[in-house]
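K.L.:
with the input below, show me the fold.
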Amino acid sequence: MTILDQLADYAKMRTEQAKKEIPAETIRQMAMALPRGTFPFEQALKKPGISFICECKKASPSKGLIAPEFPYLQIAREYEAAGADCISVLTEPKWFLGQNSYLKEITDAVSIPCLRKDFTVDEYMIYEARLLGASAVLLICSILTQEQLSAFLEICDTLGLSALVEAHDENEVQMALKAGACIIGVNNRNLKDFSVDTDNSRRLRQRIPPEVLFVSESGVRSAEDIKLLQEIGADAVLIGETLMRAPDKTARLAELRRLL
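P.N.:
The predicted structure follows:
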C-alpha cells in the first residue's frame, strides 16, 4: 500500500467512527440548515495576479514533525496580516497531526477563506467541513472514483463550498474536468513516493482550460518558482513547509512575492 492508500483507508475508518457520534443524516441536516455559502475561496483565487494559499500544518508523512511548537492561531493571524488570500488547514490526525478543532478555531479567528485539507473519502466529511467553517474542501482524484467525484462536487455546490480538485497526471486532469471541477490543483509532490517535480504543473497547465482556476501545490520554495508559475498561468500557489519553517512568516511571504 502507498501512503496515499493508507491515508484514504484511515480517513474511512475515522469517518465511520465519527458517524457513531453524530449520524450521517444528522450531520447532513445540520450542514444544510446553515446559510448557503458564497464560494469565497473561489472568489479569492479569481482576483488579478497570483493568489497565495498558506498552509497550517504541524507534520507531514514525507518530512515528519515540521513544527514542534504549533501556535496555529498565531500562524493563521500572521498569514492574514501578511496578505495571504486563503489558509489551508490540515485536519488529518495521524500523519499530519491535524485536528478538526484547529480548523474551527482558525475560521473563527480570521476573515479570509479556509480550505479543509484532508483526505475526503465520504460525503460526511464535506458536511463536516461546512460545520467547521471551511470555505473549501480538498478532493483528490486518485482516491476517488469518477462517480464519487461528481457526487461530491454536487454536494459542495449545494452547500456553497468550493472544491480544490487535486490531480497528479493527465488522466486525473481529464477526470476532474469531466466532473465539472471549477478549481484544479496540480500536486507537484507524488504522494505515492514523495518525489517533487515542479515541472508537473507546467506539463499539465496546457491540459486545463483557462476558465478553470489552476493551483500549483507543493515544492514552491522561492520567488523564482512563483514567477515561473505565474508565467504559465497559475492562478494560485499552495505553500506549506516553506512558510511553516520560516521564523518570520510575514517576511518570508514578502520575499516570495518579491518578483511579482
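K.L.:
run a quick neighbour tally on D248.
P.N.:
11 (other CB atoms under 10 Å). All C-beta spots, glycine's among them, are computed from the backbone N, C-alpha and C.
K.L.:
list phi and psi for it.
P.N.:
Here is the backbone geometry of D248 (degrees, to the nearest 10): phi -120, psi 100.
K.L.:
what is the subsequent helix or strand relative to the lengthiest helix in the chain?
P.N.:
Longest helix in the chain, counting residues (DSSP state H): helix 3-21. Downstream of helix 3-21, the next assigned helix or strand under DSSP states H and E is helix 24-32.
K.L.:
can I get the worst-scoring helix or strand of the chain on mean pLDDT as CSV, trimmed to CA atoms?
P.N.:
None of the helices or strands of the chain scores lower by mean pLDDT, DSSP states H and E than helix 199-205, at a mean of 89. Output of helix 199-205 as CSV, limited to C-alpha atoms (Å, rounded to 0.1, in the frame of the first residue of the first chain):
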residue,chain,number,x,y,z
ASP,A,199,7.6,20.7,-13.9
ASN,A,200,4.4,18.7,-13.3
SER,A,201,2.5,22.0,-13.1
ARG,A,202,4.0,23.2,-16.3
ARG,A,203,3.2,19.9,-18.1
LEU,A,204,-0.4,19.8,-17.0
ARG,A,205,-1.2,23.5,-17.3
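K.L.:
after it comes which helix or strand?
P.N.:
That would be, after helix 199-205 and using DSSP H and E, strand 213-217.
K.L.:
so what touches that following strand?
P.N.:
If you take CB atoms under 8 Å, 6 or more residues apart in numbering as the criterion, strand 213-217 is touched by 42, 45-46, 53, 164, 166, 182-189, 198, 201, 205, 208, 229, 233-238.
K.L.:
ok, now stretch 18-31?
P.N.:
Here stretch 18-31 makes contact (CB under 8 Å, 6+ apart) with E123, Y124, I126, Y127, E128, R130, L131, L159.
K.L.:
just the buried ones from those, in PyMOL syntax?
P.N.:
Selection of buried members from the contacts of stretch 18-31 for PyMOL, criterion 16 or more other CB atoms under 10 Å:
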select buried, resi 123+124+126+127+128+130+159
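K.L.:
got the angle for the longest helix of the chain vs helix 24-32?
P.N.:
Here helix 3-21 runs at an angle of 90 degrees relative to helix 24-32 (axes from the mean of the first three to the mean of the last three CA atoms, to 10 degrees).
K.L.:
tell me how far helix 3-21 is from the chain's mean position?
P.N.:
18 Å (CA atoms, centre = their mean, to the nearest Å).
K.L.:
which of the residues in that helix are buried?
P.N.:
Neighbour counts over helix 3-21 (16+ other CB under 10 Å) mark L4, L7, A8, Y10, A11, R14, T15, A18 as buried.
K.L.:
just flag the most distant two among those residues.
P.N.:
Taking CB to CB as the measure, the buried residues of helix 3-21 span a maximum distance of 20.8 Å, between L4 and A18.
K.L.:
picking up where we left off before, other SSEs contacting the least confident helix or strand of the chain?
P.N.:
strand 183-187 (3 or more CB pairs under 8 Å, 6 or more residues apart in numbering; DSSP states H and E).
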